[in-house]
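1. Have a look; sequence and predicted model below, questions after that.
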Amino acid sequence: MARTVLKFGGTSVGDLDRIANVADIVAARAKQGEHMAVVVSAMAGETNKLVALAEGAAGSELKREQYDDEYDVVVASGEQVTAGLLALALRKRGLKARSWLGWQLKLKTNKSHGKARIMGFDDSRLPDSIDAGEIAVIAGFQGVTEDERVATLGRGGSDTSAVAVAAALNAQVCDIYTDVDGVYTTDPRIVPKARRIEKISFEEMLEMASLGAKVLQTRSVEMAMNHNVPVRVLSSFLKPGEPNPGTLVCAEEEIVEKQVVSGVAYSRDEAKITLFGMPDKPGVSAKLFAVLAQAGINVDMIVQANARGPDRANMVFTCTDRDSPFAKETLEKMKDEIGFDSMEVTRDVSKVSIIGVGMKSHTGVAETMFRALSEKNINIDVIATSEIKISVLIAAPYTELAVRALHTAFGLDAE
Ligand code: ADP
Ligand code: ASP
Ligand code: MG
């Protein structure tokens, strides 16, 4: 019997009308004989409200680790409401359905509250329930730690809940229903000429997601790739029966037509930190990045350049804008130990990236990228590359211009 997993994001369950539409989609698929787990997000805007409430109650004098577990209790509640509402709407349509919260599923996570990782499922009753023909409506974004505390999976985490459930159930497909009808060559909200991609490889999707395309949470793609779960991104705004081809995220071998550049992504949550006058000797970088790692700060792009003085170097790196005040505070405390002269933090920057597996075998891609940016007079601050992506750091006000210019330069614009 076919087991499938469906996931509906915040806008798709934004009010009772939207939830009714979701119930119609689920009902139509149940009629086809599918045995389904349906993962839901909180209603649009709810998680932001809950985050603000938790932060307000905690107050700035509390350090994150002092409120993280209770923060999760608060922010996880949005998904509970949607799961109950959808189960009710399905029952109203004469279907057997019940809601499942993270602790009932026994979706186990580690203890990193606010950004917990899924460890697996403990002898869950979920498979028996759906095989018996009951539709499982699952609250996404949440799990439970080994000491039975509620934990959440990071913003956008319901995507990862859905893929984890699909992997555990050995589901045929994991359908991510959202407010766009697939994965586009870039964010369709800022480039109206963006095109829907029919098939994209796990590898490329992973880069797109981690470089800022928020249509799928990065960890969900990672998990789909590791467990070889086929993922489709579909529109929840169509009526059952209307064509909804979406985008298939799958193994590279399944894609015949390979593009040199498949997509352009951007991220505004970036900050650049420059340390001037670092001692130019072995062990200094190791010490610097150990300090940052211990503070839990994820460093992304890194460039080291010679400084004017002898035996001195400047170190430039980026981290998320959100982490940058903490990074600054941490480094200031360690100034003498690391041995730099001064520090500059630039927060008004963004990262624009091009992604494509075809880059592995094509030359001239970087040149095309840099030329397109220079023609728009956009200055490149930092560059980072991997086998299938090139990222540049630029001044934030140029983000949209850069994305559009690159989209055109690589022939991605729709006719
Ligand atoms: P959901 O609430 O369903 O999880 P999200 O808001 O998390 O939806 O993700 C969908 C949004 O991702 C779209 O509305 C779109 O603006 C944005 N997005 C960014 N990059 C892309 C892309 N390359 N393709 C499609 N959508 C993208
Ligand atoms: N509701 C959570 C969020 O807004 C999780 C999700 O929607 O995926 O981040
Ligand atoms: Mg999302």
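-> That came in fine, so what should we check first? Ligands and ions are numbered 1, 2, ... in the order given.
2. show me what contacts the residue of the stretch 101-250 of the chain found nearest ligand 3?
-> Relative to ligand 3, the nearest point of the stretch 101-250 of the chain is Gly156 (4.2 Å; C-beta to the ion). Every residue, glycine included, has its C-beta placed from N, CA and C. Neighbouring residues of Gly156 by C-beta atoms under 8 Å, 6 or more residues apart in numbering: 214, 216-217, 220.
3. residues near Asp323, how many?
-> 19 (other C-beta atoms under 10 Å).
4. In contact with it, which residues?
-> The contact partners of Asp323, by C-beta under 8 Å, 6+ apart, come to 271, 297-298.
5. Give me the ChimeraX select line for those residues, limited to the buried ones.
-> Buried residues among the contacts of Asp323 (16 or more other C-beta atoms under 10 Å), as a ChimeraX selection:
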select :271,297
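6. Return the member of the contacts of Asp323 nearest to ligand 2.
-> Nearest to ligand 2, judged by C-beta to the nearest ligand atom, of the contacts of Asp323 is Asn298 at 18.2 Å.
7. which residues of this protein fall in helices?
-> 16-31, 46-58, 64-75, 77-92, 102-105, 126-131, 158-169, 202-210, 218-227, 284-294, 324-333, 335-338, 365-375, 399-409 (DSSP state H).
8. Restricting to C-alpha, output the third one in CSV.
-> What that stands for is helix 64-75. Output of helix 64-75 as CSV, limited to C-alpha atoms (Å, rounded to 0.1, in the frame of the first residue of the first chain):
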residue,chain,number,x,y,z
ARG,A,64,19.7,32.3,25.4
GLU,A,65,20.6,29.0,27.2
GLN,A,66,18.6,30.1,30.3
TYR,A,67,15.4,30.3,28.3
ASP,A,68,15.9,28.0,25.4
ASP,A,69,13.8,25.1,26.6
GLU,A,70,10.8,27.2,27.6
TYR,A,71,11.2,29.2,24.4
ASP,A,72,10.6,26.0,22.6
VAL,A,73,7.5,25.2,24.6
VAL,A,74,6.1,28.5,23.5
VAL,A,75,7.1,28.5,19.8
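9. could we number from 50 for the rest of this?
-> I'll keep to 50 as the first residue from here, and by that count the last item is helix 113-124.
10. Mind listing residues that contact it?
-> Outside helix 113-124, the residues that touch it by C-beta under 8 Å, 6+ apart are 96, 99-100, 102-104, 106-107, 162-163, 165, 190-191, 198-201.
11. Could you check how far the closest residue to Tyr226 other than its chain neighbours is from Ala76?
-> Nearest residue to Tyr226 in three dimensions, chain neighbours excluded: Ser285, at 3.8 Å (C-beta to C-beta, 6 or more residues apart in numbering). With distances taken as C-beta to C-beta, to the nearest Å, Ser285 is found 14 Å from Ala76.
12. check contacts around Ile439.
-> Taking C-beta under 8 Å, 6+ apart, one finds 402-403, 408, 414-415, 418, 432-433 in contact with Ile439.
13. Give the closest residue to Phe190 in space, chain neighbours not counted.
-> Gly206 (4.3 Å).
14. Give me the neighbour count for the residue in the stretch 350-464 of the chain positioned nearest to ligand 2.
-> Among the residues of the stretch 350-464 of the chain, Arg371 lies nearest to ligand 2; the distance is 14.2 Å by C-beta to the nearest ligand atom. Residue neighbour count, defined by other C-beta under 10 Å, stands at 10 for Arg371.
15. got a list of what it touches?
-> By C-beta under 8 Å, 6+ apart, the residues touching Arg371 are Asp318.
16. So what does the residue nearest to the spatial centre of the chain look like in phi/psi?
-> The centre of the chain sits closest to Gln266, judged by C-alpha atoms, centre = their mean, with a distance of 2.6 Å. Torsion angles at Gln266 (phi, psi; degrees, to the nearest 10) stand at phi -70, psi 140.
17. correct me, but Lys164 touches Thr209?
-> No. Contact between Lys164 and Thr209 fails when scored by C-beta atoms under 8 Å: they sit 10.8 Å apart.
18. neighbour count winner among these two?
-> Between Lys164 and Thr209, counted using other C-beta under 10 Å, Thr209 has the larger neighbour count: 27 against 17.
19. how about the more buried one, what does it touch?
-> Counted by C-beta under 8 Å, 6+ apart, Thr209 has contacts 167, 202-203, 266, 268-269, 272.
20. 7 Å instead, please
-> Shown in contact with Thr209 (C-beta atoms under 7 Å, 6 or more residues apart in numbering): 167, 202, 266, 268-269, 272.
21. Looking at those, spot the one nearest Leu450.
-> Gln266 (27.4 Å; C-beta to C-beta).
22. Verify the contact between that closest one and Gly206 for me.
-> Yes. Counting by C-beta atoms under 7 Å, Gly206 is a contact partner of Gln266 at 6.0 Å.
23. re earlier: among the contacts of helix 113-124, the buried ones, what's the ChimeraX command?
-> To isolate the buried members of the contacts of helix 113-124 in ChimeraX, using 16+ other C-beta under 10 Å:
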select :96,99,100,103,107,162,163,165,190,191,198,199,200,201
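24. separation between Gly192 and ligand 2?
-> Going from Gly192 to ligand 2 by C-beta to the nearest ligand atom, to the nearest Å gives 12 Å.
25. Relative to Leu337, how far out is that residue?
-> Gly192 is 34 Å from Leu337, by C-beta to C-beta.
26. higher neighbour count, the two?
-> Neighbour count, other C-beta under 10 Å: between Gly192 and Leu337, Gly192 has more, with 31 against 22.
27. Who are the contact partners of the residue of the chain found nearest ligand 1?
-> Proximity of the chain to ligand 1 (C-beta to the nearest ligand atom) peaks at Gly58, 1.8 Å away. Gly58 makes contact with 90, 207, 227-228, according to C-beta under 7 Å, 6+ apart.
28. how about 10 Å then?
-> Residues near Gly58 by C-beta atoms under 10 Å, 6 or more residues apart in numbering: 88-91, 93, 189, 205, 207-208, 211, 225-229, 264, 285.
29. Repeat that for Pro294.
-> Contact analysis of Pro294 by C-beta under 10 Å, 6+ apart lists 230-231, 245, 247, 281, 283-284.
30. surely Asp228 meets Ser284?
-> Yes. Between Asp228 and Ser284 a contact is recorded at 7.6 Å, counting by C-beta atoms under 10 Å.
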